[in-house]
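Engineer: structure here, sequence nowhere to be found:
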C-alpha cells in the first residue's frame, strides 16, 4: 500500500537527509507545464544541497514516497486528481484513484516513512470567519500529532493569522521564525504577529527537533521562512486583493476544500501573475532551507 522509491528507501536506511514534498501544489497549484518545471526545480535544489527529495502522492491507489519523472509528469497532466487530506485516504486508496497530498496528508505519510523534514509553500490554518463556519485546516491537527518539522513561508495570508497562531499554541506546536521575529504571511514578510522563537541557523532548528522528540514530546513544529525580499509583495496591496477575493468567495458561496484554490487563483489573476512568481520563489527558498535542516538533523 506504501511504495517507497528506491533512492528514498536507500537514503532512509543509511540515515541520510530526506525532505518530503507535497503534491497538491503540482496538481492544483498551477497549470502544466509550469507545475512539472516547478517540481523538478524543487527536487534539484534539494539534491544540490546534499539531501534526497521525496515527493509524495497517491497514484492509482498506491501511496508513493518519492516519484519517478514519469509519475511526476502523469500527476502534472492527469485530470480529476483528488485533493487528499486525512479524511480522503481510505476512499482514494480503496477505489484505486490518483490523489495529490495536502500538507496534512503529506505529514501523515512522511511520518509513516520516517521522514522528519517537510518543505511546502504555506500551511493551512484557521479561516477568516471560522467562528461561524468552523473552517479550520486539518494541517493544524497533524502538526499537533506528527513528529515532522514543516518548513514554510508562514501560514497562507488568506487566513486569520491571529487565530491560527492561537490554535498552534493551544496544541503545543512551536512556531519558529527563521532569522526573523515576525511571522511571515506567505507573499509578504510581515504580518503584524510575532513568532514564538527566532532561530538563526539550520543547526539550531535541528537541535530543537532532537531535544523535543528525545524528550518524548509529541507533535511537529513550524519553521516560518520569509519569502526572499526581492520577491516579497507589498503588504497593503496584498491585504486589499485578499479582502476582495474573500468577499467574492462569500458572494459566490465557495466553501470547504474549494475555498483555498479559488482565493489563490483570484489573487494570481488580480496581481497579473506577480503572486505566482512569488509563490514559486518562496517554495524554492523553503526547499533549500529544509534540505539544510535535514542535513543538520542527521
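Structural biologist: That came through fine. The model shown is predicted, which means the values in this text are computed figures rather than measured ones.
Engineer: the residue lying closest to residue 139 once chain neighbours are set aside: neighbour count?
Structural biologist: Among residues not flanking residue 139 along the chain, residue 124 sits closest, at 4.0 Å (CB to CB, 6 or more residues apart in numbering). From N, CA and C alone the C-beta is placed, and that goes for glycine too. Counted with other CB atoms under 10 Å, residues neighbouring residue 124 total 24.
Engineer: quick check: the residue sitting furthest away from the middle of the chain vs residue 67, distance?
Structural biologist: What lies farthest from the middle of the chain is residue 251; by CA atoms, centre = their mean that is 28.0 Å. In this view, residue 251 and residue 67 are 38 Å apart by CB to CB, to the nearest Å.
Engineer: likewise residue 84?
Structural biologist: 15 Å.
Engineer: re the thing from before, show me the contacts for the residue farthest from the centre of the chain.
Structural biologist: Shown in contact with residue 251 (CB atoms under 8 Å, 6 or more residues apart in numbering): no residues.
Engineer: please, where are all the strands along this structure?
Structural biologist: Listed in chain order, the strands of the chain (DSSP state E) span 2-4, 18-21, 52-59, 62-65, 82-84, 99-101, 117-119, 149-152, 174-178, 197-199, 221-224.
Engineer: which residue is nearest the middle of this protein?
Structural biologist: residue 120 (3.0 Å).
Engineer: that one contacts residue 22, doesn't it?
Structural biologist: Yes. Contact between residue 120 and residue 22 holds when scored by CB atoms under 8 Å: they sit 5.3 Å apart.
Engineer: name the residues contacting each of those two.
Structural biologist: When contacts are counted by CB under 8 Å, 6+ apart, residue 120 and residue 22 have 103, 106 as shared neighbours.
Engineer: any chance of the strands of the chain in TSV, plus mean pLDDT, mean neighbour count and distance to residue 255?
Structural biologist: Shown next, in TSV, are the strands of the chain (pLDDT from 0 to 100; neighbours: other CB atoms under 10 Å; distance: least, CB to CB, whole Å):
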stretch	mean pLDDT	mean neighbour count	distance to residue 255
strand 2-4	96	16	32
strand 18-21	98	29	28
strand 52-59	98	26	24
strand 62-65	98	21	28
strand 82-84	95	22	14
strand 99-101	97	28	20
strand 117-119	98	31	27
strand 149-152	98	27	24
strand 174-178	98	22	27
strand 197-199	98	17	35
strand 221-224	98	26	26
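Engineer: would TSV of the ones you listed with distance to residue 189 be doable?
Structural biologist: Formatted as TSV, the strands of the chain follow (distance: least, CB to CB, whole Å):
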stretch	distance to residue 189
strand 2-4	36
strand 18-21	23
strand 52-59	26
strand 62-65	33
strand 82-84	28
strand 99-101	28
strand 117-119	18
strand 149-152	13
strand 174-178	10
strand 197-199	14
strand 221-224	10
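Engineer: identify whichever of these lies nearest to residue 72.
Structural biologist: Closest to residue 72 of those is strand 52-59 (CB to CB; 6.9 Å).
Engineer: direction included, what does the closest one pair up with?
Structural biologist: Strand 52-59 pairs in its sheet with strand 18-21 (parallel), strand 62-65 (antiparallel), strand 99-101 (antiparallel), by DSSP bridges.
Engineer: okay, these in JSON lines with distance to residue 268 next?
Structural biologist: Output for the strands paired with strand 52-59, formatted as JSON lines (distance: least, CB to CB, whole Å):
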{"stretch": "strand 18-21", "distance to residue 268": "21"}
{"stretch": "strand 62-65", "distance to residue 268": "28"}
{"stretch": "strand 99-101", "distance to residue 268": "18"}
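Engineer: I'd like the distance between residue 88 and residue 57.
Structural biologist: Distance of residue 88 to residue 57, computed by CB to CB: 13 Å.
Engineer: residue 85 now?
Structural biologist: The value you get for residue 85 to residue 57, if CB to CB is used, is 13 Å.
Engineer: for residue 45, same thing?
Structural biologist: On the measure of CB to CB, residue 45 and residue 57 end up 19 Å apart.
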